[in-house]
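>>> Any chance you can model this:
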Amino acid sequence: MSQHPRRLDYRASLRTAATAHGAAVQRVQLAYERWQQAQLRSDSYWTDTAGRAA
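This next block holds a predicted model:
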């Protein structure tokens, strides 16, 4: 019986997994926002330089 996890163990594992998932989602959203801002800056720079010549 000592090898069978109790319900509290499952809940703790689920809570840990849910917290890790939430943190990962947050990191991905932040990375995407930063990437998008960098793309907009790059597009703006390109438009101000090479884009006008085209």
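>>> those helices in this protein, which residues are they?
7-48, 50-53 (DSSP state H).
>>> Now render those as a markdown table, adding mean pLDDT and mean neighbour count.
Where C-beta positions appear, they are placed from N, C-alpha and C, glycine not excepted. As requested, these are arranged in a markdown table below (pLDDT from 0 to 100; neighbours: other CB atoms under 10 Å):
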| stretch | mean pLDDT | mean neighbour count |
| --- | --- | --- |
| helix 7-48 | 93 | 10 |
| helix 50-53 | 66 | 8 |
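>>> give the contact list for the residue positioned nearest the centre of the chain.
Closest residue to the average C-alpha location of the chain: residue 28 at 1.1 Å, with CA atoms, centre = their mean. Contacts for residue 28 (CB atoms under 8 Å, 6 or more residues apart in numbering) come out as none.
>>> how much space between it and residue 40?
Separation of residue 28 from residue 40 (CB to CB, to the nearest Å): 19 Å.
>>> And for residue 20?
31 Å.
>>> Next: residue 10.
To residue 40, residue 10 is 45 Å away according to CB to CB.
>>> what's the answer for residue 48, then?
For residue 48, the distance to residue 40 - CB to CB - is 13 Å.
>>> Extract the C-alpha set from stretch 30-45 and format it as PDB.
In PDB, the C-alpha atoms belonging to stretch 30-45 read as follows (Å, rounded to 0.1, in the frame of the first residue of the first chain):
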ATOM      1  CA  LEU A  30       5.800  37.600 -23.800                       C
ATOM      2  CA  ALA A  31       8.200  36.200 -26.400                       C
ATOM      3  CA  TYR A  32       5.500  36.600 -29.100                       C
ATOM      4  CA  GLU A  33       4.800  40.200 -28.100                       C
ATOM      5  CA  ARG A  34       8.500  41.000 -28.200                       C
ATOM      6  CA  TRP A  35       8.900  39.300 -31.500                       C
ATOM      7  CA  GLN A  36       6.000  41.200 -32.900                       C
ATOM      8  CA  GLN A  37       7.300  44.500 -31.700                       C
ATOM      9  CA  ALA A  38      10.700  43.800 -33.200                       C
ATOM     10  CA  GLN A  39       9.000  42.900 -36.600                       C
ATOM     11  CA  LEU A  40       7.100  46.200 -36.500                       C
ATOM     12  CA  ARG A  41      10.300  48.100 -35.800                       C
ATOM     13  CA  SER A  42      12.100  46.300 -38.600                       C
ATOM     14  CA  ASP A  43       9.200  46.900 -41.100                       C
ATOM     15  CA  SER A  44       9.100  50.500 -40.100                       C
ATOM     16  CA  TYR A  45      12.900  50.800 -40.600                       C
END
